[in-house]
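Trainee: Predicted coordinates and the sequence they were generated for:
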Amino acid sequence: MYLLLTARKGISSLQLSKEIGIRQASAWFMLHRIREACGPDLKKLRGIIEIDECFVGGIEANKHEHKKLKAGRGTVGKTAVLGIRERGGRTVAKTIANTDAGTVQAEIYRHVEIGSTLHTDEAGAYTGIGGRFFDHDTVNHGEGEFVRDAVTTNGVESVFAVLKRGLIGVYHHASKKHLGRYVDEFTFRLNEGNVKHHTLARLESLVGAAAGKRLTYKALIQ
C-alpha cells in the first residue's frame, strides 16, 4: 500500500514483485486488489468544477495488423475517461461508455452539487447543462483559448497528464476491462493520497477504504 500510494505515477507489478520478493503474477493481483479499494466515495463536488474528457488506448497506426480495428482514426478503439475536478478540492474520474450528452451530463448530475459553476470546453456533450441547476462557462479550445479570466479546464487536464504519463511510462498498457481501476488509483492519490497530507494519514485513508472491499482472482480475470 505504501509503495503504490507514494509513487506519483504508480508502480508496476514487475517492480513490486522485485521490491517485496513475490511472483509478478501475485504482485499484479495484489495491486488490483488495492486499486479496488480506491474507488470514489459518494460525496458530491461543489463550487467551481472543471470538467473534461480524454481517450485512453493505443494509436491505431501503431498496432499490429491483426489488432487493427480498421474503423477510422482518432478515438477508434480508445476508452473515454471523464474527469470532474473541484477547484482547490477533490477529483472524480471514471471510464464512460461514450461522450454523448446523455452519458456525460448524467455523470455530472451524479457527482456535482446543484448550484455549482461548471467550466468546460465547447464540446457538444455540455450543451444545455447550464441554466436552472448549474452555472456554465466555457473556453474555446478550438480557437486556441485555454484561459479566460478565471474560466479554464487546465486543472482537470493536469489530472489526465499524470494519468497518461503513468499509463504509458509505468504500466505501458491497461486493457479496457481493467482501466477503471487504474483511473481509481490515480484519482485516490490526488484526493486522500495527496502529498499535502502526512504519509501515515494517507495510509490510514487507504486502509480504511479497503474495509469491506473484496476482489477474488476469479472475478478479476473473468
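Mentor: Great, that's in hand.
Trainee: what about Gln15, distance to Leu206?
Mentor: 19 Å (Cβ to Cβ, to the nearest Å). Every C-beta, even on glycine, is put in place using the N, C-alpha and C of the backbone.
Trainee: Same drill for these two, tell me which one is more crowded.
Mentor: Leu206 (19 against 15; other Cβ atoms under 10 Å).
Trainee: for that one, what are its contacts?
Mentor: Going by Cβ atoms under 8 Å, 6 or more residues apart in numbering, Leu206 touches 1, 5, 34, 37-38, 188, 192-193.
Trainee: Buried members of the residues you listed into ChimeraX, please.
Mentor: Typed into ChimeraX, the line below selects the buried ones among the contacts of Leu206, using 16 or more other Cβ atoms under 10 Å:
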select :5,34,37,38,188,192,193
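Trainee: Ramachandran angles for His136?
Mentor: For His136, the backbone dihedrals are phi -140, psi 120 (criterion: degrees, to the nearest 10).
Trainee: ok, and the residue nearest to it when sequence neighbours are not counted, which helix or strand is that part of?
Mentor: Distance criterion Cβ to Cβ, 6 or more residues apart in numbering; nearest residue to His136, sequence neighbours excluded, is Gly130 at 2.8 Å. Per DSSP states H and E, Gly130 falls between elements, in no helix or strand.
Trainee: What spatial separation is found between Gly130 and Thr187?
Mentor: Taking Cβ to Cβ as the measure, Gly130 falls 26 Å from Thr187.
Trainee: Could you report the separation of Leu163 from Ser116?
Mentor: In this view, Leu163 and Ser116 are 23 Å apart by Cβ to Cβ.
Trainee: Please say which of those two ends up with more neighbours.
Mentor: More crowded of Leu163 and Ser116, by other Cβ under 10 Å: Leu163, with 25 against 18.
Trainee: Thr91 is in contact with the more buried one, correct?
Mentor: No. At 10.4 Å, Leu163 does not count as touching Thr91 under the criterion of Cβ atoms under 8 Å.
Trainee: what about the strands in the protein?
Mentor: Remark: strands assigned in the chain by DSSP state E are 48-56, 79-86, 91-96, 117-120, 135-138, 147-148, 151-152.
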